[in-house]
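**Q** Fold the following, please.
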Amino acid sequence: MSASIRRSLRATLAAALIALAVAGCGGSSSEGSNTQCALDGCTITFARGATGEVSVLGVTARLVSVDGGVATIDIAGNTVQVPVGGETTAEGFTVGLQSLTEDQAVVRVTLGGGGRGEGGGG
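**A** The predicted model follows:
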């Protein structure tokens, strides 16, 4: 196989993998939530007081509660607590709480965290 054909094949495969990764990041939102995904993860905006959950990166995420500046989030069946500006890990994901207002909580979920939920400090 010639070098130009191999390069073309690699470029086509890379484009296909990127398309699949973006499709895998796609979130399905429910009432009171919105998702925006890119190759490096998903940002979820949860409406406070709503009972919505989303499916992102192949797992379900849900805002359980908020107490002061700490959100309790269920990710992939594990409950973690994350303070505003903080991060924690659960089931191979990093979960961060980017912002918290009276109306919404903005959560960032990316691949590449530790194992079980480790809590977010406080």
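
**Q** what about the protein, any weak spots by pLDDT?
**A** Under the criterion pLDDT under 70, the flagged ranges of the chain are 4-31, 51, 113-122.

**Q** which one is residue 34 nearest to, not counting chain neighbours?
**A** residue 45 (4.6 Å; CB to CB, 6 or more residues apart in numbering). For every residue, glycine as well, the C-beta is placed using N, CA and C.

**Q** The one you found: neighbour count?
**A** Residues near residue 45, counting by other CB atoms under 10 Å, number 19.

**Q** Over to residue 92?
**A** The tally of other residues near residue 92 (other CB under 10 Å) stands at 14.

**Q** And it, how far from residue 111?
**A** Going from residue 92 to residue 111 by CB to CB, to the nearest Å gives 7 Å.

**Q** again with residue 100
**A** 23 Å.

**Q** what about the strands in this protein?
**A** Shown for the chain, the strands assigned by DSSP state E span residues 33-38, 41-47, 53-56, 59-67, 70-75, 78-83, 87-90, 93-100, 104-111.

**Q** Redo the ones you listed as a markdown table? Include distance to residue 3.
**A** Below are the strands of the chain laid out as a markdown table (distance: least, CB to CB, whole Å):
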| stretch | distance to residue 3 |
| --- | --- |
| strand 33-38 | 32 |
| strand 41-47 | 35 |
| strand 53-56 | 39 |
| strand 59-67 | 41 |
| strand 70-75 | 45 |
| strand 78-83 | 47 |
| strand 87-90 | 42 |
| strand 93-100 | 39 |
| strand 104-111 | 33 |
